[in-house]
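Visitor: Next one to model:
(2 chains)
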There are 2 protein chains.
Amino acid sequence: MAIKPIEYENGACRMIDQRLLPGEEVWIDYTDYQGVAQAIKTMVVRGAPAIGVAAAFGAAFAAAAIDVDNFTDFESRFVDCCDVLAATRPTAVNLFWSLDRMQKVARQQRHLPIDQLQKKLLNEAIEIAAEDEQINRNMGQYGQQLLPHRGRILTHCNAGALATGGYGTALGVIRAAVEAGKQLEVYADETRPFWQGARLTAWELHQDNISVTVICDNMAGYLMQQGKIDAVIVGADRIAANGDVANKIGTYTVAVLAKEHVPIVATSN
Amino acid sequence: MAIKPIEYENGACRMIDQRLLPGEEVWIDYTDYQGVAQAIKTMVVRGAPAIGVAAAFGAAFAAAAIDVDNFTDFESRFVDCCDVLAATRPTAVNLFWSLDRMQKVARQQRHLPIDQLQKKLLNEAIEIAAEDEQINRNMGQYGQQLLPHRGRILTHCNAGALATGGYGTALGVIRAAVEAGKQLEVYADETRPFWQGARLTAWELHQDNISVTVICDNMAGYLMQQGKIDAVIVGADRIAANGDVANKIGTYTVAVLAKEHVPIVATSN
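Guide: Predicted coordinates for the structure are as follows:
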């Protein structure tokens, strides 16, 4: 049931303006890469996986607008556009991964006529979006097995459907657990300074009828100390090979608190 | 130099409206106990020691308005008024302590004519205010010895001059250290949900030219992990004989983080 923050249809990529949630649900159509770059920069779209999906459509739109007849000229302009998209957000590794993938596809398909290459790149973006949702669903299935049959789960930031191609990473685990019949209550850190928990997590879980209570970030320790949190799930902007995680400010604070108190800690990207 | 949030002059108790800080400095005159009770309830005045001082003036105003000619009648009405004041705030132990002290003085001085008893009670309130400031200054002297000659101090909530009869408890320690020539920088937790750090701590330290940076509550862990916090000082609504402290939501979170990271932890009331 989860919302998809980015939908492609007839040459336009529609994004829900996440800055206006939960007060207003406004969708904006983007048809060129400059618009997509602006959407990432101004946080119309946010969340590492969603940024990756948006950037793929941005690259596809950039490709479609390149009016040349040979690959060398095409690639030179395409790389410039991808560089603009890459400069929109320093933290989300999916952004760079997604743009690399689009550029790799272009190089692999350099033998194609430019108009077919352009179509190919649009299909690749559509596939990146679909794959992201499927990855989330798979992650949800793996992750939900770690959660108790009945319990209270703390989240930080969003890491939900809104942060991805759909379904969510951290919240995807919660969705999958609820779909598997588990009875969960979510405590959502409000997540200062940008309120992703209060504005986005609470909104999307509420849409799916999953019980959610927003707390101030500083309350998490007290709730844990009172034995009211059974597990913590957070998203991740990046995960290193050794398991280190880079994520939203405050994630480390939650990790220290969890180490002190909580039986189950899971990280999902 | 520190501000006094409650000043008595010519039958009126002036309080700075702390709900409007730091945007506006508005002082309100109170001359009856109902007004003082309202000021505590609506958080014009807050901070356990300041509430104790305010309640003492409230009790003195209540006493002054009792128009009877014998102690039995006086006490019956005085106790009723003190009960109203005591019901304004459940957490601040200074509130109950201060009202008990005023009632004890009344009983001890039961032999006095009512008009002299009323004066005596007003003087007692003035003395409670002066004592509170002196206690803070003494605490500051003791506490500042624990702080390094150069360092970065994390605070939570206010526990400053604004929370007391003047000078401050946690911030009093910082003031005393700065007066002793120590070079300190303060990181103030913004302190959700009521923003006492962002609104009050930052304002009063800025007035005193003490370097202060407001952070989101969830940033404290990261700063500690980066080695950027040398000590933590917080206030306390109550301290039990075994050293347990009851204080503003988020204090426990800071304590767990400090246990994980910080060389010096001090609690002052």
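
Visitor: Now A:D208, what are its backbone angles?
Guide: Taking degrees, to the nearest 10, you get phi -90, psi 10 for the backbone angles of A:D208.

Visitor: What of the one 3 residues further on?
Guide: In terms of degrees, to the nearest 10, the main-chain angles of A:S211 are phi -60, psi 130.

Visitor: Just list the residues touching A:L147, thanks.
Guide: By CB atoms under 8 Å, 6 or more residues apart in numbering or on different chains, A:L147 lies in contact with A:I153, A:V173, A:I174, A:A177, A:K182, A:L184, A:A231, A:I264. Glycine gets a C-beta too; all of them are placed from N, C-alpha and C.

Visitor: Can you select the buried ones among these for me in ChimeraX?
Guide: Entered in ChimeraX, the line below selects the buried ones among those, by 16 or more other CB atoms under 10 Å in any protein chain shown:
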select /A:153,173,174,177,182,184,231
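
Visitor: Now intersect the contacts of A:L147 with the helices, please.
Guide: A:V173, A:I174, A:A177 (DSSP state H).

Visitor: from the contacts of A:L147, which is closest to A:I66?
Guide: Nearest to A:I66, judged by CB to CB, of the contacts of A:L147 is A:V173 at 40.2 Å.

Visitor: Quick check: closest non-adjacent residue to the closest one.
Guide: Spatial nearest neighbour of A:V173, excluding adjacent residues (CB to CB, 6 or more residues apart in numbering or on different chains): A:G143 at 3.3 Å.

Visitor: burial count for the one you found?
Guide: The tally of other residues near A:G143 (other CB atoms under 10 Å in any protein chain shown) stands at 22.

Visitor: what comes up buried for the host helix or strand of it?
Guide: Using DSSP states H and E, the secondary-structure element containing A:G143 is helix A:114-144. Using 16+ other CB under 10 Å as the burial criterion, the residues of helix A:114-144 that qualify are A:114, A:117-118, A:120-122, A:124-126, A:128-129, A:132-133, A:135-137, A:139-140, A:143-144.

Visitor: what packs against that helix?
Guide: In terms of contact count using 3 or more CB pairs under 8 Å, 6 or more residues apart in numbering or on different chains; DSSP states H and E, helix A:114-144 is assigned the packing partners strand A:6-9, helix A:48-64, helix A:71-86, helix A:93-108, helix A:170-179.

Visitor: Let me know the angle separating the last one from helix A:114-144.
Guide: Computed with axes from the mean of the first three to the mean of the last three CA atoms, to 10 degrees, the direction of helix A:170-179 lies at 60 degrees from that of helix A:114-144.

Visitor: ok, now the fourth one?
Guide: Between helix A:93-108 and helix A:114-144, the angle formed by their directions is 140 degrees, by the same axes, to 10 degrees.

Visitor: can you give me the offset of helix A:93-108 from its chain's centre?
Guide: Helix A:93-108 has its C-alpha centroid displaced from the chain centroid by 17 Å (CA atoms, centre = their mean, to the nearest Å).

Visitor: Return the mean pLDDT over that helix, rounded to an integer.
Guide: Helix A:93-108 shows an average pLDDT of 97 in the prediction.

Visitor: just checking, what packs against that helix?
Guide: Short answer (3+ CB pairs under 8 Å, 6+ apart): helix A:93-108 packs on helix A:48-64, helix A:71-86, helix A:114-144.

Visitor: list the helices and strands the shortest one packs on?
Guide: The elements that helix A:71-86 packs onto, with contact taken as 3+ CB pairs under 8 Å, 6+ apart, are helix A:33-41, helix A:48-64, helix A:93-108, helix A:114-144.

Visitor: 7 Å instead?
Guide: Helices and strands touching helix A:71-86, by 3 or more CB pairs under 7 Å, 6 or more residues apart in numbering or on different chains; DSSP states H and E, are helix A:33-41, helix A:48-64, helix A:93-108.

Visitor: Contacts for stretch A:59-69, please.
Guide: Here stretch A:59-69 makes contact (CB atoms under 7 Å, 6 or more residues apart in numbering or on different chains) with A:31-33, A:36, A:74, A:77-78, A:81-82, A:85, A:99, A:102, A:114, A:118, A:121-122, A:125.

Visitor: Give me the distance between the two termini of it.
Guide: 18 Å (CA to CA, to the nearest Å).

Visitor: Pull out the buried residues from that stretch.
Guide: Within stretch A:59-69, the residues that qualify as buried by neighbour count (16+ other CB under 10 Å) are A:A59, A:A60, A:F61, A:A62, A:A63, A:A64, A:I66.

Visitor: And the pLDDT for the third one?
Guide: Pointing back at A:F61 there. Residue-level pLDDT assigned to A:F61 equals 98.

Visitor: ok, of the ones in helices among the contacts of A:L147, which one's closest to A:L162?
Guide: Relative to A:L162, the closest of the ones in helices among the contacts of A:L147 is A:I174; by CB to CB it sits at 13.6 Å.

Visitor: Tell me how far A:A48 lies from B:P22.
Guide: Using CB to CB, to the nearest Å, we find A:A48 at a distance of 36 Å from B:P22.

Visitor: Which one's more surrounded, the two?
Guide: Remark: of A:A48 and B:P22, A:A48 carries more neighbours, 25 against 15, as counted by other CB under 10 Å.
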